[in-house]
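S.K.: Generate a structure from the sequence data that follows.
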Amino acid sequence: MDNILIVLQNERLFLIDLDGGVVTATQKVTNTVKHQCDTIAPEVYKQLIISRGTGQQVTIDRLAEYWSVAAMIHCLLFGVNPFFFIERFQDIEAYLQHYTWPQFHGLQNIQTCNDAYFGEYEKVYQSLPPSIRECLRYAFQNGYFQRDQRPTPRQWYTNLKKALTQLFPPLPPPPPPRLEVIGPKHFTFDLEMGAQASGSFTVRNSGGQNLQVTITLPLSLPFKIDLTETAFPLAPKEEKTVVIRTRRCRLKPGHYSATFTISSNGGQETVAFEVSLKSRKKRMLLFFLPVLCAFLLFYGISSYKTKECPRLVEHSINLVNQQQYTEAIASLTRALKLRCTPHLFHILYYRGTAFYYLGEYEKAYQDFAEAVKANPQSPRAHYARGLCAALIGKCNAARRDYEFLTELGTHESLQLAEDLEGEITKHCNTWR
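M.R.: Numbers count the residues shown, from 1 in each chain. Prediction:
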């Protein structure tokens, strides 16, 4: 391709001729053409031939540019120059006087070339819209002799845009968003006093545009309801599950109901919620006697436990410190059977320590986990549980204990977190 067309924002047209130099509508350019080129207007080419060797400059006007614009568009459509089938450039004028462009079969006294391209060229030419073919004929047939017959860039733009619109019609807009509730829309729970209930449903955007969902609860409810989501966006075909939970009901026995609204820019749905509360008095009466007996039994042995538990726990801790782990485990197990509740944390922690030093990491992990429940703020219990978790392959649990220690932020917890991080890195394949 010999020329490149550049359209600037100020609508000036620059034709860059790789063989003949730069041609503009407002400047004169020194003749530097080296060989014939049918992408240059015929009147310009004649000036170039006449001025060759004389140093005379060539004047280019806007009508000359119209020819090069048409030639450039032809090159973009077909990949060849408009007169690619004529061997000698000087035969173009005789060809146009006797034939209609782009006829290239049965030419007499015209030397042709590039015969292999004729079939493909005809196929592409016939596939063009009539308006484009008409512009090409006006540019190269009529415009060769009558310069004012050449289509302007604006005419080219209008016809090319129309042709592209016909070939590639604009896509239809996506369908609007549409709210869809998947799952039950009516929940019914039979609860006892003080119990809780939960259920779930799925909200889906079955449309083609973004959906904004808002779930609105009634201003006054007979019972408390918690929702995991109350406002969220949904992309096309995306869905989200919403969980409903009732808090512990302290109402009188009876039947209660409520309805909340799911509104969006793609429709509206409602979900109903019913709760039937039942009294627990009968069940309480059935268990009153066993509970009373247990209370009396506990009261009877409480005085014994008050004296025995501190002594037994202290003795067990001494056994751990003396590395008598088997005896310590037996002693601490006895303390657990006595239900030494005030000393529960120490019993579990030191029995877990004894299991750890005996290499029974699974049992140690279980005791340390119970110790954490007894004293959730103990840094050493979290460290011990995380260490055993890493040793038995529960890496995620170990990382949770590490994160707790770092969030606790005390000097002791940060030192323990640093030690635990090293153990996790050592025993787990990945870290974080």
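
S.K.: Can you give me the distance of residue 394 to residue 387?
M.R.: Residue 394 sits 11 Å away from residue 387, going by Cβ to Cβ, to the nearest Å. Every residue, glycine included, has its C-beta placed from N, CA and C.

S.K.: Compare those two (neighbour count), which wins?
M.R.: Using other Cβ atoms under 10 Å, the more surrounded residue of residue 394 and residue 387 is residue 387, with 22 against 17.

S.K.: Leaving out chain neighbours, which residue sits closest to that one?
M.R.: The shortest distance from residue 387 to any non-neighbouring residue, by Cβ to Cβ, 6 or more residues apart in numbering, is to residue 423 (5.5 Å).

S.K.: what kind of secondary structure is that neighbour in?
M.R.: With DSSP: H, G, I helix; E, B strand; the rest coil as the basis, residue 423 sits in helix.

S.K.: And for residue 81?
M.R.: Under three-state DSSP, residue 81 falls in the coil class.

S.K.: Number the chain from 686, please
M.R.: Fine by me, first position is 686 from now on; the one you just mentioned is residue 766.

S.K.: what's the neighbour count on it?
M.R.: The burial count for residue 766: 19, using other Cβ under 10 Å.

S.K.: circling back: and the residue nearest to residue 1072, how many neighbours?
M.R.: Going by other Cβ under 10 Å, the residues that sit close to residue 1108 add up to 18.

S.K.: so the residue nearest to residue 790 when sequence neighbours are not counted is in which element?
M.R.: Leaving out its chain neighbours, the residue that sits closest to residue 790 by Cβ to Cβ, 6+ apart is residue 803, at 7.5 Å. Residue 803 belongs to helix 803-812 when elements are defined using DSSP states H and E.

S.K.: and what of residue 897?
M.R.: With DSSP H and E as the test, residue 897 turns up in strand 896-901.

S.K.: Enumerate the positions of that strand that are buried.
M.R.: 896, 898, 900 (16 or more other Cβ atoms under 10 Å).

S.K.: Next: stretch 1043-1053.
M.R.: Buried residues in stretch 1043-1053, counted by 16+ other Cβ under 10 Å: 1045, 1046, 1048, 1049, 1050, 1051, 1052, 1053.

S.K.: Return the subset of those residues lying in helices.
M.R.: When these are checked against helices (DSSP state H), the matches are 1046, 1048, 1049, 1050, 1051, 1052, 1053.

S.K.: Confirm for me that residue 993 is in contact with residue 1023.
M.R.: Yes. Between residue 993 and residue 1023 there is a contact under Cβ atoms under 8 Å: 6.4 Å.

S.K.: my read is residue 782 is in a strand, agree?
M.R.: No. Assignment of residue 782 by three-state DSSP gives helix, placing it outside any strand.

S.K.: measure it to residue 826 for me?
M.R.: 11 Å.

S.K.: Comparing these two, which shows the higher neighbour count?
M.R.: More crowded of residue 782 and residue 826, by other Cβ under 10 Å: residue 826, with 18 against 9.

S.K.: Once you drop chain neighbours, what's closest to the more buried one?
M.R.: Counting by Cβ to Cβ, 6+ apart, residue 786 is the residue found nearest to residue 826 once chain neighbours are left out, at 4.5 Å.

S.K.: Next, that neighbour: secondary structure please.
M.R.: coil.

S.K.: For it, grab phi and psi.
M.R.: Taking degrees, to the nearest 10, you get phi -70, psi 140 for the backbone angles of residue 786.

S.K.: Thought residue 1064 was touching residue 1057, still the case?
M.R.: No. Using Cβ under 8 Å, residue 1057 is not in contact with residue 1064, being 10.5 Å away.

S.K.: what ranges do the strands span in the protein?
M.R.: Remark: strands assigned in the chain by DSSP state E are 688-692, 698-702, 706-708, 713-715, 742-744, 864-867, 871-877, 882-890, 896-901, 910-912, 916-919, 924-931, 939-949, 952-963.

S.K.: With mean pLDDT and distance to residue 847 as extra columns, can I get these in a markdown table?
M.R.: Below are those laid out as a markdown table (pLDDT from 0 to 100; distance: least, Cβ to Cβ, whole Å):
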| stretch | mean pLDDT | distance to residue 847 |
| --- | --- | --- |
| strand 688-692 | 46 | 18 |
| strand 698-702 | 45 | 21 |
| strand 706-708 | 37 | 29 |
| strand 713-715 | 38 | 34 |
| strand 742-744 | 75 | 34 |
| strand 864-867 | 85 | 41 |
| strand 871-877 | 70 | 57 |
| strand 882-890 | 81 | 37 |
| strand 896-901 | 87 | 37 |
| strand 910-912 | 76 | 54 |
| strand 916-919 | 89 | 39 |
| strand 924-931 | 82 | 43 |
| strand 939-949 | 79 | 40 |
| strand 952-963 | 77 | 40 |
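
S.K.: mind checking which of those is nearest residue 820?
M.R.: Closest to residue 820 of these is strand 688-692 (Cβ to Cβ; 15.2 Å).

S.K.: those helices in the stretch 736-885 of the chain, which residues are they?
M.R.: 747-763, 777-783, 803-812, 815-822, 828-830, 838-852 (DSSP state H, counting those that start in this stretch).

S.K.: which of the ones you listed sits most buried?
M.R.: Highest mean neighbour count of the helices of the stretch 736-885 of the chain: helix 747-763, a mean of 20 (counted as mean count of other Cβ atoms under 10 Å).

S.K.: Just want the angle from that one to helix 803-812.
M.R.: Helix 747-763 and helix 803-812 meet at an angle of 110 degrees, taking axes from the mean of the first three to the mean of the last three Cα atoms, to 10 degrees as the criterion.

S.K.: which secondary structure elements does helix 747-763 contact?
M.R.: Helix 747-763 sits against strand 688-692, strand 698-702, strand 706-708, helix 727-736, helix 803-812, helix 815-822, helix 828-830, helix 838-852, with contacts defined as 3 or more Cβ pairs under 8 Å, 6 or more residues apart in numbering; DSSP states H and E.
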